[in-house]
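Asker: dropping a prediction and its sequence here:
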Amino acid sequence: MNYLTLSLALIFVIIPLLLSKTLKLGLEKDTTIAAVRSIIQLLAVGYLLHFVFETENIVFIFLMVLLMIGAATQNARRKGKAIKGITWKLFLTFLFIEILTQSILLGLSIIPSTAQYIIPISGMIIGNSMVLSILFLNRFISEVKDHVEQTELILSLGGTPKQAIHTQLVQSIKSSTIPTIESQKTIGLVQLPGMMSGQIIAGADPVQAVQFQLLILFILLTTAVITSIMLGYLSYPSLFNNRMQLLKLEEK
Amino acid sequence: MTRQAISLKDISYSDKGVAILKNISGSFPEGYITTLVGPSGAGKTTLFRLCNGLRSPNSGQIYINDKTINEYNPVELRRKVGIALQSAAMINGTILQNLSLPFDLQGKQFSKEFALELLQDVGLTSDFLHRDVKDLSGGQRQKLSIARTLVNRPDILLLDEITSSLDRVSQQDIEELIVKINKKYKTTIIWITHNLEQARTLGNYTWVMMNGQLVEAGPPSLLDDPIDEKVRLFVKGHEQ
């Protein structure tokens, strides 16, 4: 695909813009911003990756992954501002997941230790973890707010903070990981996953594409569960003080 | 001389800059039923939350049996000073699951015999045990809430307006229950009520709180002839 054919793809941006304008949906500004940002960000990443792949320097790979973790933390922290110290909790979660998954992938030689594999897979892992953490934080904060009475009931009867928040924590972990598990049940039947489709379009053998996609899907299962659990267990102590009193959530 | 179950010294508490309790000093005698009366917004429930350790005062000191509240581990404190709130919050599930909650939190085995004894204490029959809490009436919820607080065998029981939304018959049941608990287990009871008749007939001691302050404290007869003009007006308003 060259830039001329790519520019024809802008038709798919113009269609929603025209519909939004005609039906007065008010989506023109956001659609334009989204399209422009995608172009700039992806082209920049494309050139950056090209450079990193060329050099094959471990420092650049490390910096690239760190950049992803930083961007994911910055994006997800807005949803969890009510929880004290959420920035480093998110950073630690993403870092742990990246180290864990890459250790398994590289340690067992499941993927070659080249930038071409490490960076795209890291992107998928961290990206998925970011979405999961946003889902988890949204749910956890609303669970905590909605169940103050039950939490204080358990505390008042001599329960510990962990016991007092257990139901809300489990509920939030479950509800944030269910979409990942459910979507994997119908994968291939309803839609072909993005990475697999991309490989097939680029001319890869479909069976090989499926193998890589399965690898990613299994990694995402681990990512989903660990993100919610780790973030949950890092977050709940901030809701209480050392006298085991439930603190009010900080206003956004 | 009567020992004090709870003593407060210059207690102040504010929330978001709003003063809720202002320099409260006073005590609740051990083994007594003390009624706590006063208009809404006087800070009575907040005071309970401080005594149970769900909140800490901004200044001042709370003594439980002569030990400061901070000398107690919070879990130990909350088992010693039980609280039953007006809302009678429940966890989802059966009456048995709610009753066994304090023991479950300690990882202790909860026997059916103990459950039945508690139900009997609060005037509920054994067929209630496996019912869903959602099916309980307001009065039954209050009774269950008290029974659940009793599981820890607290030395001090804080009851927050537990009869205010009940019909006369249920009110009487709970009144009898409070006196029974006080006599049977020698539990010190501190009871927030809007019903001055309850304060006069069931209590041994009375606190009158207004606008975050302790205005008068003494035997319930103080309600018949208050010294403070605001208390006089409050009592008069309730008797009209």
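Answerer: Received the coordinates, thanks.

Asker: where in the chain is pLDDT low?
Answerer: Because you didn't say which chain, this covers chain A. A:191, A:250-252 (pLDDT under 70).

Asker: that's the wrong chain, I wanted chain B
Answerer: In chain B (pLDDT under 70), the answer is B:239-240.

Asker: how about the residues of it that lie near chain A?
Answerer: B:52-56, B:70, B:74-76, B:78-79, B:82-83, B:85, B:87, B:89-91, B:101-102, B:105-106, B:148-149, B:151-152 (C-beta under 8 Å from any C-beta of the partner chain). For the C-beta atoms, the positions are set from N, CA and C on the backbone; glycine is no exception.

Asker: just the buried ones among these, please.
Answerer: B:52-55, B:74-75, B:78-79, B:82-83, B:85, B:89-91, B:101-102, B:105-106, B:148-149, B:151-152 (16 or more other C-beta atoms under 10 Å in any protein chain shown).

Asker: which residues sit in contact with residue A:194?
Answerer: Residues counted as contacts of residue A:194 (C-beta atoms under 8 Å, 6 or more residues apart in numbering or on different chains): none.

Asker: tell me which stretches of chain B form strands.
Answerer: B:4-15, B:18-29, B:33-37, B:59-64, B:67-68, B:81-84, B:156-160, B:188-192, B:205-210, B:213-218 (DSSP state E).

Asker: just the angle between the first one and strand B:33-37, please?
Answerer: Orientation of strand B:4-15 against strand B:33-37 (axes from the mean of the first three to the mean of the last three C-alpha atoms, to 10 degrees) gives an angle of 20 degrees.

Asker: which residues are contacting strand B:4-15?
Answerer: B:19-32, B:43, B:46-47, B:50-51, B:55, B:57-66, B:81, B:155-156, B:188, B:190.

Asker: that one pairs with which strands, and in what direction?
Answerer: Using DSSP bridges, the strands paired with strand B:4-15 are strand B:18-29 (antiparallel), strand B:59-64 (antiparallel).

Asker: picking that back up, same list (the strands of chain B) but as TSV, adding distance to residue A:68.
Answerer: Formatted as TSV, those follow (distance: least, C-beta to C-beta, whole Å):
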stretch	distance to residue A:68
strand B:4-15	42
strand B:18-29	45
strand B:33-37	58
strand B:59-64	49
strand B:67-68	51
strand B:81-84	49
strand B:156-160	52
strand B:188-192	56
strand B:205-210	58
strand B:213-218	58
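
Asker: flag every residue of the stretch 1-150 of chain A that's near chain B.
Answerer: A:149-150.

Asker: and the helices in chain B?
Answerer: B:44-51, B:74-80, B:95-106, B:112-121, B:138-150, B:168-185, B:196-202, B:229-239 (DSSP state H).

Asker: for residue A:148, which of these is the nearest?
Answerer: helix B:44-51 (12.2 Å; C-beta to C-beta).

Asker: could you list every helix and strand in contact with that closest one?
Answerer: strand B:4-15, strand B:18-29, strand B:59-64, strand B:81-84, strand B:156-160, strand B:188-192 (3 or more C-beta pairs under 8 Å, 6 or more residues apart in numbering or on different chains; DSSP states H and E).

Asker: compute the inter-axis angle for the first one and helix B:44-51.
Answerer: For strand B:4-15 and helix B:44-51, the angle between their directions (the same axes, to 10 degrees) works out to 110 degrees.

Asker: what residues of strand B:4-15 count as buried?
Answerer: For strand B:4-15, by 16+ other C-beta under 10 Å, it's B:4-9, B:11, B:13.

Asker: just the residues you listed now: which is nearest residue A:132?
Answerer: The closest of these, once distances to residue A:132 are taken by C-beta to C-beta, is residue B:13, at 39.6 Å.

Asker: the nearest residue to residue B:163 once chain neighbours are set aside: how many residues sit nearby?
Answerer: If the residues on either side of it in the chain are set aside, residue B:163 comes closest to residue B:171, at 4.5 Å by C-beta to C-beta, 6 or more residues apart in numbering or on different chains. If you count neighbours by other C-beta atoms under 10 Å in any protein chain shown, residue B:171 ends up with 19.

Asker: ok, the one 3 residues further on next?
Answerer: Residue B:174 is flanked by 21 other residues according to other C-beta under 10 Å.

Asker: I figured it hits residue B:162, correct?
Answerer: Yes: assessed by C-beta atoms under 8 Å, residue B:174 is found in contact with residue B:162 at 6.1 Å.

Asker: for stretch A:17-32, output the C-alpha coordinates as PDB.
Answerer: Taking C-alpha atoms only, stretch A:17-32 is exported to PDB below (Å, rounded to 0.1, in the frame of the first residue of the first chain):
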ATOM      1  CA  LEU A  17     -18.200  13.200   9.300                       C
ATOM      2  CA  LEU A  18     -20.900  13.700   6.600                       C
ATOM      3  CA  LEU A  19     -23.400  11.600   8.600                       C
ATOM      4  CA  SER A  20     -22.600  13.500  11.800                       C
ATOM      5  CA  LYS A  21     -23.100  16.800  10.100                       C
ATOM      6  CA  THR A  22     -26.300  15.800   8.400                       C
ATOM      7  CA  LEU A  23     -27.900  14.300  11.500                       C
ATOM      8  CA  LYS A  24     -26.400  17.000  13.800                       C
ATOM      9  CA  LEU A  25     -24.800  14.300  16.000                       C
ATOM     10  CA  GLY A  26     -22.000  16.700  17.000                       C
ATOM     11  CA  LEU A  27     -19.300  14.100  16.400                       C
ATOM     12  CA  GLU A  28     -17.300  16.000  13.800                       C
ATOM     13  CA  LYS A  29     -14.700  17.500  16.100                       C
ATOM     14  CA  ASP A  30     -14.000  14.300  18.000                       C
ATOM     15  CA  THR A  31     -13.900  12.300  14.700                       C
ATOM     16  CA  THR A  32     -11.500  14.700  13.100                       C
END
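
Asker: what residues does that stretch touch?
Answerer: A:13, A:16.

Asker: buried residues in it?
Answerer: Those would be A:17, A:20, A:31, for stretch A:17-32 by 16+ other C-beta under 10 Å.

Asker: next SSE downstream of the host helix or strand of the second one?
Answerer: Pointing back at residue A:20 there. Here residue A:20 sits within helix A:11-22, counting by DSSP states H and E. Per DSSP H and E, helix A:11-22 leads on to helix A:28-55 as the next helix or strand towards the C-terminus.

Asker: so which bits of that next one are buried?
Answerer: Neighbour count says helix A:28-55 has A:31, A:35, A:45, A:49, A:52 buried, by 16+ other C-beta under 10 Å.

Asker: and the gap between residue A:81 and chain B?
Answerer: 18 Å (C-beta to the nearest C-beta, to the nearest Å).

Asker: swap in residue A:68?
Answerer: 39 Å.
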